[in-house]
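Engineer: Provided below are the primary sequence and the corresponding predicted coordinates.
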Amino acid sequence: MGGLRDVPADWTDCDVAGFELGKVRGVFPGDQSFGGTKRMFWMDGYPLGDMLVDVLDRMTEAGVLLKNEDSMYRWNPDAPNLSLTRDDIEKRERSS
């Protein structure tokens, strides 16, 4: 099985990116298809889908992933600043 870095190399819809994150982390079996899980990402309030997309958003805040206006993710080709703290991120968000 590859790592998460292999998954969103190109812009990927949030539901598919969340599914792939779940596969990498062992939430879904490696042979699981997206079709059998898509309702988890399309239904509001489905805890597992919400949690996986929240993780993607947190990875975006940390600079590991990029997110576009269409809620698509991809791996950030630039190395993230791993020294950033939550306070740093919040200050950056307030100033933009």
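Structural biologist: In hand now; what should we look at? The shown structure was predicted, so the numbers you read here are calculated from the model rather than taken from an experiment.
Engineer: pLDDT below threshold where in the protein?
Structural biologist: Flagging of the chain using pLDDT under 70 yields the residue ranges 1-8, 96.
Engineer: just the helices in it please.
Structural biologist: Ranges of helices in the chain, per DSSP state H, are 14-24, 39-42, 47-61, 86-95.
Engineer: what's next to the last one, contact-wise?
Structural biologist: Taking CB atoms under 8 Å, 6 or more residues apart in numbering as the criterion, the residues outside helix 86-95 that touch it are E61, A62. Bear in mind the C-beta positions are built from the backbone N, C-alpha and C, glycine included.
Engineer: For D31, give its distance to K23.
Structural biologist: Per CB to CB, to the nearest Å, D31 is found 9 Å from K23.
Engineer: and these two? which has more neighbours close in?
Structural biologist: Set D31 next to K23 and count neighbours by other CB atoms under 10 Å: K23 wins out with 20 against 6.
Engineer: do you know which of the helices of the chain lies nearest Y73?
Structural biologist: Of all the helices of the chain, helix 14-24 sits nearest to Y73, with 4.4 Å by CB to CB.
Engineer: tell me the angle of the closest one relative to helix 47-61?
Structural biologist: If you take axes from the mean of the first three to the mean of the last three CA atoms, to 10 degrees, helix 14-24 sits at 100 degrees to helix 47-61.
Engineer: can you pull the contacts of the residue most central in space within the chain?
Structural biologist: When CA atoms, centre = their mean is applied to the chain, the residue found nearest the centroid is L56 (2.3 Å). Taking CB under 8 Å, 6+ apart, we find L56 in contact with C14, A17, G18, L21, L65, K67, Y73.
Engineer: I'm done for today, thanks for sticking with me.
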